[in-house]
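1. Take this sequence and fold it.
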Amino acid sequence: MRGITGVLFTAAWTASSALAPAAGGLGDLPGVDFDATGPGVRGLLMGLSESCIMRRAFDGEIDLASLVNAGRTKWKVIDDNAALPDCGKRFASAIPEGLGDGRRLCQWSPAEGDRFEFETKDLLGRPAVRVTYQVTRITGGRYAGKGRFLTGVSVLPIRIEAKAGYKASMEAEVLAVNNVGTARDPVAAIVLAARWRVRGQGREHAGASVFLVRGDGLFSQLRGW
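-> Predicted coordinates:
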């Protein structure tokens, strides 16, 4: 994309090769590596892997079907063509109420991610802004052999390209947390929106994509514009 400055963000999580960074760049665009794992996510993944070894005692009954988001509800991903420095720590979850941040659950699957892109054009129809991002999740968490729960649900930037004078921003928001399973064996589901806005040449473009993320591993894009 001639005349566009690019910044590369490698959103690779060490938990899964499915979250490898994009290969190469476009032309001779400069690249800056961005570690989207961050201390928060690394700590989360380590805690999840240890939770089935370091068993803890729990008091009281846990209502597995009463799901809550123990993470973020709404957060910025990109501001003025730059990824937020702590976006690797910003994620949502869907776990039974009273179980904290997910470390009390077992049998988590490796982290997964699917890549998406949006692009806007200038007045001459040439590419002005192109953003590649990843929707990530950790699925399959169980409590006493029951349920399929979610954590690490997030939107992470991979690459941001913008012509001079154009500014892109992006945010993520959890629209709903539901149980799509049964009361005895719940399956968590999160409806996640990724909204973007581009300003430049006196014009403004906006759009969004909505995703369904499920604890049993199913994932789909519900809409995008």
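
2. what bridges to the residue nearest the centre of the chain?
-> Using C-alpha atoms, centre = their mean, the residue of the chain that lies closest to the mean C-alpha position is residue 154, 1.7 Å off. Beta-bridge pairing for residue 154 (DSSP bridges): residue 136.

3. From here on, call the first residue 53.
-> In the new count, where the first residue is 53, that last one comes out as residue 206.

4. what sits against it?
-> The contact partners of residue 206, by C-beta atoms under 8 Å, 6 or more residues apart in numbering, come to 139, 142, 143, 144, 187, 188, 189, 224. Every C-beta, even on glycine, is put in place using the N, C-alpha and C of the backbone.

5. Read off the pLDDT value for it.
-> For residue 206, the pLDDT comes out at 96.

6. how far away is it from residue 150?
-> When C-beta to C-beta, to the nearest Å is the yardstick, residue 206 and residue 150 sit 23 Å from each other.

7. Ok, residue 134 next?
-> As defined by C-beta to C-beta, residue 134 lies at a distance of 38 Å from residue 150.

8. how many neighbours does residue 238 have?
-> Neighbourhood size, residue 238 [other C-beta atoms under 10 Å]: 25.

9. Correct me if wrong: it contacts residue 231.
-> Yes - applying C-beta atoms under 8 Å, one finds residue 238 in contact with residue 231, separated by 4.5 Å.

10. Find residues that contact each of those two.
-> 117, 119.

11. Might you list the low-confidence residue ranges for the chain?
-> Within the chain, the set of residues satisfying pLDDT under 70 comprises 53-112, 153, 277.

12. All the helices of the chain, in order from the start?
-> 90-102 (DSSP state H).

13. Sketch out the strands for it, chain order is fine.
-> For the chain, applying DSSP state E gives strands covering 56-60, 119-120, 126-131, 134-135, 144-148, 164-173, 179-195, 198-215, 219-231, 240-252, 255-266, 271-276.

14. Distance to residue 155 for the ones you listed - can I get that in TSV?
-> Formatted as TSV, the strands of the chain follow (distance: least, C-beta to C-beta, whole Å):
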stretch	distance to residue 155
strand 56-60	32
strand 119-120	15
strand 126-131	21
strand 134-135	27
strand 144-148	10
strand 164-173	19
strand 179-195	10
strand 198-215	9
strand 219-231	19
strand 240-252	16
strand 255-266	20
strand 271-276	23
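
15. Residue 156 is nearest to which of these?
-> Closest approach to residue 156 among the strands of the chain is made by strand 179-195 (7.0 Å; C-beta to C-beta).

16. Show me what the closest one is packed against.
-> Here strand 179-195 is seen to pack against strand 56-60, helix 90-102, strand 164-173, strand 198-215, strand 219-231, strand 240-252, strand 255-266 when contacts are counted using 3 or more C-beta pairs under 8 Å, 6 or more residues apart in numbering; DSSP states H and E.

17. Which positions within it qualify as buried?
-> Of the residues in strand 179-195, those with enough neighbours to count as buried (16 or more other C-beta atoms under 10 Å) are 179-195.

18. if we can go back for a sec, most tightly surrounded among the helices and strands packed on strand 179-195?
-> Here the criterion is mean neighbour count by mean count of other C-beta atoms under 10 Å, and of the helices and strands packed on strand 179-195 the winner is strand 198-215, at a mean of 25.

19. quick one on the thing from earlier: of the strands of the chain, which is nearest residue 157?
-> If you check each of these against residue 157 by C-beta to C-beta, strand 179-195 wins as the nearest, at 3.7 Å.

20. what angle do the closest one and strand 219-231 make?
-> Here the directions of strand 179-195 and strand 219-231 differ by 20 degrees (axes from the mean of the first three to the mean of the last three C-alpha atoms, to 10 degrees).
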